[in-house]
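Chemist: okay, sequence plus prediction incoming.
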Amino acid sequence: MSRMKAFPLASLAPNEVGIVQYLAGGRGLTSRLAPLGFTPGARVSMVQNFGRGPIIVMIRGTRIALGRGEAQKILVTPVAEGGE
């Protein structure tokens, strides 16, 4: 099984899905995002991403708005169409 390279959550287009690999920020960012469900292995789906400003994602059944800077520090790998 080949390992895909992780990239920032902010790179996902609307309706794309990724799996959280790790958080590239410090303790403050991790302590804010982990309780919201951004933990390794969590499936996250992009709802709205206009290319600037905040983005909206769906994670663990909840829609969450994130600043673009925060989304740049959440690293994900893509999920293949129709699979996990």
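Modeler: Nice, thanks for sending it over. Numbers count the residues shown, from 1 in each chain.

Chemist: the closest residue to Thr39 other than its chain neighbours: what secondary structure?
Modeler: Ranked by CB to CB, 6 or more residues apart in numbering and with sequence neighbours excluded, the top spatial neighbour of Thr39 is Val20, at 6.5 Å. No exception for glycine: its C-beta is placed from N, CA and C like everyone else's. Per DSSP: H, G, I helix; E, B strand; the rest coil, the local secondary structure of Val20 is strand.

Chemist: tell me the contacts of Val20?
Modeler: Listed by CB atoms under 8 Å, 6 or more residues apart in numbering, the contact partners of Val20 are Leu9, Phe38, Thr39, Pro40, Gly41, Ala42, Arg43, Val44, Ile74, Leu75, Val76.

Chemist: now the helices: where do they sit in the protein?
Modeler: Taking DSSP state H as the criterion, the chain contains helices spanning 27-33, 68-72.

Chemist: distance check, the residue nearest to Thr39 against Pro35.
Modeler: When distance is defined by CB to CB, to the nearest Å, Val20 is 14 Å away from Pro35.

Chemist: cool, Val44 as well?
Modeler: As it turns out, when the distance is counted by CB to CB, Val44 lies 15 Å from Pro35.

Chemist: of those two, give the one with the bigger neighbour count.
Modeler: Under the criterion of other CB atoms under 10 Å, the comparison of Val44 against Pro35 puts Val44 first, with 23 against 9.
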